[in-house]
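1. based on what follows, work out the 3D shape:
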Amino acid sequence: MSDTTGETTGHTISDTTGGVTGDVTGDVAGDVAGDVTGDREANGGADRPYDVVVIGGGAAGLSGAVTLARARRAVLVIDAGHPRNAPATHMHGYLGHDGIAPSQLLAVGRDEVARYGGEIVRGAVASAERLPDGTGFRVVREDGAVVVARRLLLTTGLVDGLPPVPGVAERWGREVLHCPYCHGREVAARPIGVLSTGPLAVHQALLWRQWSENITLFRHTGPEFTEEEYEQLAARGIAVVDGEVAGLDVTDDRLTGVRLAGGRSIACEAVVVQPRFTARADMLAGLGLGATELKMAGEVIGTYVETDAAGATEAPGIWAAGNVTDPKGQVVAAAAAGVQAAAAINADLITDDVNRAVAARRA
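-> Below is the predicted model:
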């Protein structure tokens, strides 16, 4: 899995960091501070606003918070505790941290935030609104607690919508996979099935063929392949199976096969799917910030929050990083994006600080 994930609800896997291809994190249900204390929250935040409130405590959010705290900014991370990659036992592709548990990376990150004076609170953000004087934002948690911040960093990640096939959600992050760069090595040379539900299935099958010579592409509910695609699949020795998939076969808590509607079962030790990526940005709807459709091969495969290269959104004072803006980003990419956005936020705050100082001097 990539960055951060979270709980399963029906056939979705949620993420509040921002990711299985991406804002990494593991389960933050561990020892996160139960609440923030002090004047900021007790009095609605008006007397001592935070410089930045980070919404989401995954790789992107924690990396951004560390960067801002090291810049001597007052930072609060609000984390709902449902990382996108919670189902994964290990994460890969993060230099120096390859193979560690996502939860371990998050635990270390939280310690680093605290070491530099940043604060972390457990909870979900219900809404955010711009202050009447335009100097910042009022952030309301679902439990009613309120804080005020000069700037916001959105690192809430995304929700992975999974195909409604029995067994897929239950095995997600174990043998049901999406990103070969995250988990391909662990299932290399094994029989792998690719479940077609959209126009990217052939691309996925050809991609995963690099990790295994035994690839089966299940037509399922996906569109018909072109003659050129059939030729490419045949040239790479990829079998194509018609008919809908009824479910996954599991023996002794291990995936053993893919079962067709007609009852036939084909041996597979891993199954590749194409989730629908849905950005978690509803809490900022009151600020006029929405999600944009993500298209590939002419088809919508999800949503994301648009930003510029530094993470700035179209809403002044709000930045975003991680899977909420880059659905395909792995953990390391999410962390890097968090750092980049934090640097941009600090630069923006410096400009604001200078302007305020000049105005005060002239007064």
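2. roughly how far apart are residue 304 and residue 135?
-> As judged by CB to CB, to the nearest Å, residue 304 and residue 135 stand 28 Å apart. (C-beta placed from N, C-alpha, C; glycine too.)
3. can you list the buried residues in stretch 167-181?
-> Neighbour-count burial for stretch 167-181, counted by 16 or more other CB atoms under 10 Å, picks out 167-169, 171-180.
4. compute the first-to-last residue distance for that stretch.
-> Terminal residues of stretch 167-181 lie 23 Å apart, using CA to CA, to the nearest Å.
5. just the mean pLDDT for that stretch, thanks.
-> On average, the pLDDT along stretch 167-181 is 96.
6. cool, and stretch 85-93?
-> Stretch 85-93 shows a mean pLDDT of 90 in the predicted model.
7. and for stretch 321-328?
-> 96.
8. quick check: end-to-end length of that stretch?
-> 12 Å.
9. and for stretch 85-99?
-> 13 Å.
10. ok, back up a step: could you save the buried residues of stretch 167-181 as JSON lines and add columns showing secondary structure and distance to residue 116?
-> Shown next, in JSON lines, are the buried residues of stretch 167-181 (DSSP: H, G, I helix; E, B strand; the rest coil; distance: CB to CB, whole Å):
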{"residue": "167", "secondary structure": "coil", "distance to residue 116": "44"}
{"residue": "168", "secondary structure": "helix", "distance to residue 116": "41"}
{"residue": "169", "secondary structure": "helix", "distance to residue 116": "38"}
{"residue": "171", "secondary structure": "helix", "distance to residue 116": "39"}
{"residue": "172", "secondary structure": "strand", "distance to residue 116": "35"}
{"residue": "173", "secondary structure": "coil", "distance to residue 116": "31"}
{"residue": "174", "secondary structure": "coil", "distance to residue 116": "36"}
{"residue": "175", "secondary structure": "coil", "distance to residue 116": "39"}
{"residue": "176", "secondary structure": "strand", "distance to residue 116": "38"}
{"residue": "177", "secondary structure": "strand", "distance to residue 116": "36"}
{"residue": "178", "secondary structure": "coil", "distance to residue 116": "34"}
{"residue": "179", "secondary structure": "coil", "distance to residue 116": "31"}
{"residue": "180", "secondary structure": "helix", "distance to residue 116": "36"}
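11. which member of those residues is positioned nearest residue 202?
-> Each of the buried residues of stretch 167-181 was checked against residue 202 using CB to CB; the closest is residue 180, at 14.8 Å.
12. quick one: neighbours of the residue lying closest to residue 266 once chain neighbours are set aside, just the number.
-> Of all residues not flanking residue 266 in the chain, residue 258 sits nearest, at 5.2 Å (CB to CB, 6 or more residues apart in numbering). Neighbours of residue 258 under the rule other CB atoms under 10 Å: 26.
13. right, and residue 258 touches residue 194 too?
-> No. In this structure, residue 258 is not within contact of residue 194 by CB atoms under 8 Å, at 9.9 Å.
14. which neighbours do these two have in common?
-> Any residue near both residue 258 and residue 194 by CB atoms under 8 Å, 6 or more residues apart in numbering counts here, and that gives 216, 218, 271.
15. quick one: the helices in the chain?
-> Along the chain, counting by DSSP state H, helices occupy 39-42, 59-70, 102-115, 168-171, 180-183, 201-208, 227-235, 331-362.
16. buried residues of the longest one, list them for me.
-> Of the residues in helix 331-362, 331-346, 348-349, 352 count as buried by neighbour count, 16+ other CB under 10 Å.
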